[in-house]
Every structure is written in C-alpha cells, then in structure tokens.
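Colleague: fold the following and give me the result.
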Amino acid sequence: MRQVILRELPRFPLADIPTPLQRLERLSAYLGGPGILMKRDDMTGLAFGGNKTRKLEFIVAEALAGGADTLLTAGAAQSNHCRQTAAAAAKAGKRCDLVLGGAAPSMRQGNLLLDTLLGARIHWAGSDRRGETLDNVASSLRKEGLNPCLIPYGGSSPLGAAGYVMAMAEIKAQLPFEEIPVDAMVFASSSGGTHAGLIAGAQAFGYTGRILGVCVEKGEQRERALPVEIISIARGTARLLGAPDLVPEGVQVLLDHRYAGEGYGVIGPREREAIRLLARLEGIFLDPVYTARAMGGLIDMIARGEFTKKERVLFWHTGGTPALFAYAGEIA
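Modeller: Numbers count the residues shown, from 1 in each chain. Below is the predicted model of the structure:
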C-alpha cells in the first residue's frame, strides 16, 4: 500500500474523539445477516453530537483566522448541521445566524429549540432550505458592520470534508483493515461532505471495501448531481491536504437511491421500524431523517441477501437524535 503524507490543517477543537466503535450483536443476530458494527459519531459531544462537528473543527478554525465574528449557514428547520454550527459559534464566542427553510412554528422543538437556546438568530426562508438566500443574508449582516463566514449547506466543502478524511484514520486505528476486514461502510448521504471525506480517506489510509451512501433525498436531478458534487468535494479536499492525486479518475461514488421514500424529512414505515429495532435491540436511538433512513436501507439490503453472513458492515451513526422529539407524532 502506498504511503500518503497529508498536510496538517488548522483545527478548532470541538469534538470528543475518537468516538466509540460498537458491535451490534443483537441486531446482527436478529437480521441473520452480516456482522454489524456502528461508529458512534452521534457521540462527538458538541450539543448532542453528530457528524458535522468533525467538519466544523476545520471550518471554524479558518473562520477565526479570517477574522469572522459571525458564523452563517443554512438548512432545514430541523437541521443537525445548523444546531452544531450554533454550538460551535457559542464555543468560539461568535454570533450565529441560521437561514432555515419554512416559516416560524408556533412551538420550537427538537433542533430548533436547541438553536434558540444556543443564541442563534434565525432567518426563515420559505421553500429554500439549501442556502439559496445565504448571500442576501450575508449582505445584510455586512451592512450591520458584521463580518460573517458563510458555511455551505451541511458544512459540505472541501475543508469540511477533511474531518472525514481524519475520521477514516481514526477508524483504521480502532479496527485495522488488514487484520479485521470491513466489507462495506454504510451511512446516510445528503449534502455529500461526509461521503467525500470517506472516499478521500479510503484512498489515503488503505480502505478497499465499499463506501456506500444511502441517499435520503428523492428526485432525478439530485440523483444526477450528488455524485458529481461528492467527487468535486473529495478532490478539493485532497488538494487542501497537499495530495492532489489522492482521488484518481474512475473512483466510484456508490449511492443507493432506493430508500428515499416520499422525500427528504418524510417519515415512513421503514424509518419507524429502524428506529424501533435499534432502540429495543441495542438501546441506541436513530434520528428520523438520516440515520433511520440509512439503517432502514441496510436492513432491507440484508433481507434481500445483498450482504452475506460472512461479511462485516460498519454503519456510521451521523447523529441527529434531537429531531426525534420534533417528529414524535409521525414516529409514534
């Protein structure tokens, strides 16, 4: 295996890492399929944790170096990324502005309640939840004399994805691939940054199994665009890390679009069943939008025989559990 030397990037410490790696023995036995491991990135520690904390360590470091006094980002009303960005801003002593899809609800629950407790200022954007109006809000903030750092949707930039290159090094230290092979890593894929970081990290640290994202959004346009975005982010991350040839031509982006259900944030029977199974068999909570959809997909793949009993699968729990409370009616 080639040795890759990566440039060290500035970090602002936010995450409790390494996160635990756990064997889901009861779930594996119940499904009668492969051995299932779970990487608990719901336990990164910042404001109930989640995968965005790893990305924000690099993003916030750059924002502080550039003299930003405000972190500005966007997402859905129950955005996990926005909640963690608000917490990172609080930790860094900076203002946070969030541009959220939808309209102000009569009661703030789940992530939205936490955003408010963390002191974030919220701008409601109607049908726009992916940062379509971020530039307009940034202009308004500048007119107020502020210096905002614009963080893309999901923190999914080449800089943010560096967090998951480093996460691949972390998992290799916990589970040496040469000694204990992992046939596939499965996770929820949405804005593409985690996926991109894992692809680049696999190239850097010698992971040769499948990196399989379960797409949580439906629509032909998104199906076409997401793989292109993931590769673009992965290659940008490689350049930042001083290894521009790290992600060669022909690297596959594995995305399973079968489990998008009725669309982003719409809970169906598969998500409900995954939430109940993990809670009752392993005492682990999944979030309704991302990890329940991805785990529901994995459970279905196992039922279809797409993984054998002899294989080993690692599921990345990317967090988001505060949203359970906002979706209580749909889940129950």
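Colleague: does the closest residue to G33 other than its chain neighbours belong to a helix, a strand or coil?
Modeller: Closest residue to G33 apart from its sequence neighbours, by C-beta to C-beta, 6 or more residues apart in numbering: I302 at 3.7 Å. For every residue, glycine as well, the C-beta is placed using N, CA and C. Put simply, I302 is helix when judged by DSSP: H, G, I helix; E, B strand; the rest coil.
Colleague: measure I302 to V266 for me?
Modeller: 23 Å (C-beta to C-beta, to the nearest Å).
Colleague: more neighbours, these two?
Modeller: Between I302 and V266, counting by other C-beta atoms under 10 Å, I302 is the more crowded of the two (21 against 14).
Colleague: ok, that one to R276 distance?
Modeller: Counting by C-beta to C-beta - I302 and R276 are separated by 16 Å.
Colleague: with L46 instead?
Modeller: 27 Å.
Colleague: can you count the residues close to C82?
Modeller: C82 has 32 neighbours, counted by other C-beta under 10 Å.
Colleague: before we move on, which element is it in?
Modeller: Under the criterion of DSSP states H and E, C82 resides in helix 80-92.
Colleague: check which helices and strands that helix sits against.
Modeller: Applying 3 or more C-beta pairs under 8 Å, 6 or more residues apart in numbering; DSSP states H and E, one finds that helix 80-92 contacts helix 52-65, strand 70-75, strand 95-100, helix 110-117.
Colleague: any chance of the ones you listed in CSV, plus mean neighbour count and mean pLDDT?
Modeller: Compiled in CSV, these are given as follows (neighbours: other C-beta atoms under 10 Å; pLDDT from 0 to 100):
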stretch, mean neighbour count, mean pLDDT
helix 52-65, 25, 98
strand 70-75, 26, 96
strand 95-100, 24, 97
helix 110-117, 21, 97
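Colleague: so this protein: which segments form each domain?
Modeller: Using automatic domain parsing, the domains assigned to the chain come out as 21-50+157-331, 52-155.
Colleague: will you turn those domains into TSV that also has distance to A15?
Modeller: Below are the domains of the chain laid out as TSV (distance: least, C-beta to C-beta, whole Å):
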stretch	distance to A15
domain 21-50+157-331	4
domain 52-155	5
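Colleague: F12: which of those domains is closest?
Modeller: Of all the domains of the chain, domain 52-155 sits nearest to F12, with 4.2 Å by C-beta to C-beta.
Colleague: for Q109, see how far away T116 is.
Modeller: Applying C-beta to C-beta to T116 and Q109 gives a distance of 10 Å.
Colleague: list residues touching both of those two?
Modeller: With C-beta atoms under 8 Å, 6 or more residues apart in numbering applied, the contact sets of T116 and Q109 do not overlap.
Colleague: which residues of the stretch 101-250 of the chain fall in strands?
Modeller: 121-124, 148-150, 184-189, 210-215 (DSSP state E, counting those that start in this stretch).
Colleague: so for P105, which of the ones you listed sits nearest?
Modeller: Set against P105 and scored by C-beta to C-beta, the strands of the stretch 101-250 of the chain come closest in strand 121-124, at 9.7 Å.
Colleague: out of the strands of the stretch 101-250 of the chain, which is closest to L255?
Modeller: strand 210-215 (5.0 Å).
Colleague: with only the CA atoms kept, save the closest one in CSV.
Modeller: The C-alpha coordinates for strand 210-215 follow below in CSV (Å, rounded to 0.1, in the frame of the first residue of the first chain):
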residue,chain,number,x,y,z
ARG,A,210,-17.4,-0.4,-0.4
ILE,A,211,-18.2,3.1,0.7
LEU,A,212,-22.0,3.1,0.3
GLY,A,213,-24.1,6.1,0.9
VAL,A,214,-27.9,5.8,1.2
CYS,A,215,-29.4,8.8,-0.4
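Colleague: what is that strand packed up against?
Modeller: strand 184-189, helix 193-205, helix 220-240, strand 254-256, helix 291-303.
Colleague: out of these, the one nearest L56 is which?
Modeller: Closest among the helices and strands packed on strand 210-215, once you apply C-beta to C-beta, is helix 193-205, at 10.9 Å.
Colleague: counting by contacts, list what that closest one packs against.
Modeller: helix 52-65, helix 158-174, strand 184-189, strand 210-215, helix 220-240.
Colleague: worst-scoring helix or strand of the chain, pLDDT-wise?
Modeller: helix 328-331 (a mean of 91; mean pLDDT, DSSP states H and E).
Colleague: any buried residues in that one, and which?
Modeller: I331 (16 or more other C-beta atoms under 10 Å).
Colleague: and that helix, how far out from the chain middle?
Modeller: 23 Å (C-alpha atoms, centre = their mean, to the nearest Å).
Colleague: run through who's touching that helix.
Modeller: Contacts for helix 328-331 (C-beta under 8 Å, 6+ apart): I267, R272, I275, P288, L324.
Colleague: mind listing what the residue nearest the centre of the chain touches?
Modeller: Per C-alpha atoms, centre = their mean, the C-alpha nearest to the average position across the chain is that of N51, at 4.5 Å. Residues counted as contacts of N51 (C-beta under 8 Å, 6+ apart) are D41, T44, N80, G163, Y164, T194, W316, T318, G319.
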